[in-house]
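In: quick one: sequence and predicted model below, then my questions.
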Amino acid sequence: MQQPTPIHWGHVPFVRFLLALLAGIGTAYALPPHQSVYGVAWAVLGAASAAFLGVVWITRLRVYRYYGILGFLVLLALYALGWALTWQSHPEIDRSHFSHHEAEVLIGHVADEPVARGSRLRFPVAITKAYGETGFTAVSGQLMLTVDYGNDNQPLSIDYGDELIVPADYREVPPPYNPGEMDYRRYLANHNLWHQSYLSSSEVQQVAEGRGNPVLAYALDLRQRMVTKFSRYISDNDALAVASTLVLGYRADLSEELLAAFSTTGTIHILSVSGMHVLIVYWLLSKLLWWMDRGLYLRVAKFMVSLLAMWGYALLTGFSPSVLRASLMISFVMAAASFGQQNRIYNSIAASAFFLLLFNPKFIADIGFQLSYLAVLGIVFLLPYLQAAFPVRNRMAKPVFDYMGMSVAAQAGAGPLAAYHFHQFPLYFLPANLLIVLPASGIMYLGFALLILPGGRFASWIGELLEKLIVATNEVLGAIERLPMASVRGIWMTWWEELSVYTLLLAIPLAFATRGKGWVYGALGCVTLLVCSSFLSVLQRVGEQQVVLFNVRRNMAIGLIGDREAWLYSDLSSMDDRTVGYAVLPALEANVPAGAIRFVPQDSSYQGRGVYIRGGVVQFGGVRLMVYDGTTSYRGRLAVDILLLRNNPRLSIEALRETVSCKQLVLDGSNTDATIDRLKEEADAAGIPVYVLKNNLAFVWQDRVR
């Protein structure tokens, strides 16, 4: 295999800048925000900048031995800047944040396009004023607002930029309460949202329009008009959703089933407007403007036109991180090609990431941002090795094999991180991507044509052809999704296992290319570490049993987890319930395969291997649990390990102990605060341990079968 192309630090200056900025951002995430430390970060930035200017003034850049000092000062300034910018909007740092002010109402404008889910609208509000006893006060910060319009026939007409008056009835976003549950608080914090509010439509008053960014408002309005044009020519709802998502980045109408099909087949990236879509726009413009390649001035004009068109498309799709990354990177490539400069791909990638993080340091925590960059790095790094290892000289077969190599390289770059976050890996990603690439390109071309053409018979033909192509594509993906073992689920890795996987992916091609023993030993070490970790994890679960009482607010969900099977005893509707999906299934699938999970509805009887459920009493191995609401009477005296009290039982603990004795009392969210306080006081007096599940972590009882 060929030797890797050497990379000189002098050729990739933005890699150094990016690493310094990332170090500062990482430090900000690792430490809790504090005012005094924030001041120190800005002081370091100011001192480094002043020292840099001083050295430049004194030396006039004529003394080469000071270049290292200048470089260090630049990196130090970027480190401090990344740290300060990451903390800048945090309520602990921003003293003008609305949460620091006593207020009766808040005034702000809708900061993003509202998303409708059933009878609810959800959107962030940029708060600008707070009204209290002292009158109006200028404030800052964002509030995540959910508005329930209940039984109203017409949903609220709220758009981006609308100014609203809402009650100052908000609370901090709670942490995840259940094992493996998505950390929604961290997700919102990465979007500068730390508080949320749930209001009815009657509590929200719309007072003005057009308070947002006028450019973004125009883009969102234009995109909505284009979605409306799609709807006139595409009657199938799923086809309309795919066309709107693939061409315009409008994902509001995508169904859960459609998302699952793309996710399971490893083609979800098709629905994220990213590099492929921007490349198609760039390719179309290049072909249309081919006649402008003849002279310098024409090339400059072509560059400006292409740049404006590409960034206009990025604006139209909402400036997602993946589009920003692709647009910035292609801008550097276009500039290099237009002005005859050599393009260095790693420097272009680092430059695009650097400017994006300088604009918003919290992009680094966006999963889409991470996956898009890892996919690109996987292609840039691994594809040359794959092409060298499997050379194809046939002109007809080469494009197919090149795309296969690109898919494998992109999946190698982004797949491990996707498995880490989403706990699944698509096994048929390669055939699925091969089958989807041409239809996806065709959908893009037909979609652009439909948007450009005026209404008429030809537009109707294009719309009909577009709909049939999307329906056929969805059927192909559905067939792949239904194949056995289409997706491996229940993948759980620690951060160091994830790091070992990426080290292995780096070491294997370098070991073949350089024949270096160090890379070989590194790859073998990673394999050994991963195998030992997997073996110890399996060994640890042998004979272990867990009973998990999940925090699902007023509902009940009890997980019974063995070493090979699991059961869910719940009053929720089924395993397909949304609450089960985000709060319960992650913990169950972390221990057993999805197919080995049984659902047992509340008030039903069930008997299985090591499990017996009847009348609210659950016997699981050596653990006995009872669910009691005070309405059922029992004969004799029943001894249980865990007693779950629900729905505000009126019995006192003393009266309850005449029929039921327990080692652990649990009170869930179906009880009022007054009932919880009463029962907790009575249980403490009786010497019974109490765990309050309401607004608390899930209760876990572990036992080992001997």
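Out: Received, thanks.

In: what backbone torsions are found at residue 694?
Out: phi -70, psi 130 (degrees, to the nearest 10).

In: I misspoke; the intended subject was residue 638.
Out: Dihedral angles for residue 638 - degrees, to the nearest 10 - are phi -110, psi 130.

In: quick check: pLDDT value at it.
Out: At residue 638, the model reports a pLDDT of 86.

In: which residue, other than its chain neighbours, is closest to it?
Out: residue 660 (5.1 Å; Cβ to Cβ, 6 or more residues apart in numbering). Glycine gets a C-beta too; all of them are placed from N, C-alpha and C.

In: neighbours around that neighbour, how many?
Out: Look at residue 660: counted by other Cβ atoms under 10 Å, it has 16 neighbours.

In: now do the contacts for it.
Out: 626, 628, 634, 637, 638, 639, 640, 643 (Cβ atoms under 8 Å, 6 or more residues apart in numbering).

In: who wins on neighbours among those?
Out: residue 643 (24 neighbours).

In: can you classify that one by secondary structure?
Out: What DSSP: H, G, I helix; E, B strand; the rest coil gives for residue 643 is strand.

In: gap between it and residue 519?
Out: 58 Å (Cβ to Cβ, to the nearest Å).

In: okay, and the residue nearest to residue 12 when sequence neighbours are not counted sits in which element?
Out: With Cβ to Cβ, 6+ apart as the criterion, residue 12 has its nearest non-adjacent residue at 4.4 Å, and that residue is residue 347. Assigned by DSSP states H and E, residue 347 belongs to helix 345-359.

In: return the set of buried residues in the helix or strand that that helix is followed by.
Out: Later in the chain than helix 345-359, the nearest helix or strand by DSSP H and E is helix 367-389. Across helix 367-389, burial judged by 16 or more other Cβ atoms under 10 Å covers 367-379, 381-387.

In: report the distance from helix 367-389 to the chain centre.
Out: Remark: helix 367-389 is offset 20 Å from the chain centroid, using Cα atoms, centre = their mean, to the nearest Å.

In: tell me which helix or strand comes right after that helix.
Out: helix 398-422.

In: which strands or helices does whichever helix or strand comes after that following helix pack on?
Out: Where DSSP H and E defines the elements, the next helix or strand beyond helix 398-422 is strand 424-426. Applying 3 or more Cβ pairs under 8 Å, 6 or more residues apart in numbering; DSSP states H and E, one finds that strand 424-426 contacts helix 256-264, helix 398-422, strand 487-489.

In: residue 692: which of those is closest?
Out: Proximity to residue 692 (Cβ to Cβ) singles out helix 398-422 among these, at 30.7 Å.

In: for the closest residue to residue 37 other than its chain neighbours, give its distance to residue 159.
Out: In this structure, residue 37 finds its nearest non-sequential neighbour in residue 31, 7.0 Å apart by Cβ to Cβ, 6+ apart. Plainly put, residue 31 is 39 Å away from residue 159 if you go by Cβ to Cβ.

In: mind picking out the helix or strand in this structure with the poorest mean pLDDT?
Out: helix 275-288 (a mean of 69; mean pLDDT, DSSP states H and E).

In: for the helix or strand where residue 472 lies, packing partners?
Out: Assigned by DSSP H and E, residue 472 belongs to helix 457-481. Where contact means 3+ Cβ pairs under 8 Å, 6+ apart, helix 457-481 is packed against helix 214-233, helix 237-248, helix 256-264, helix 429-452.

In: please identify the buried residues of the third one?
Out: In this case it means helix 256-264. 258, 261, 262, 263, 264.

In: give me the below-cutoff pLDDT ranges for the stretch 151-300 of the chain.
Out: 151-156, 252-254, 268-277, 279-280, 283 (pLDDT under 70).

In: what does the stretch 501-650 of the chain give?
Out: 543, 631-636.

In: ok, and the closest non-adjacent residue to residue 688?
Out: Using Cβ to Cβ, 6+ apart, the closest residue to residue 688 is residue 665 (5.2 Å).

In: you'd agree that neighbour is up against residue 692?
Out: No: Residue 665 is beyond contact range of residue 692, at 9.6 Å (criterion: Cβ atoms under 8 Å).

In: circling back: for the helices and strands packed on strand 424-426, which one sits closest to residue 501?
Out: Closest to residue 501 of these is helix 398-422 (Cβ to Cβ; 4.6 Å).
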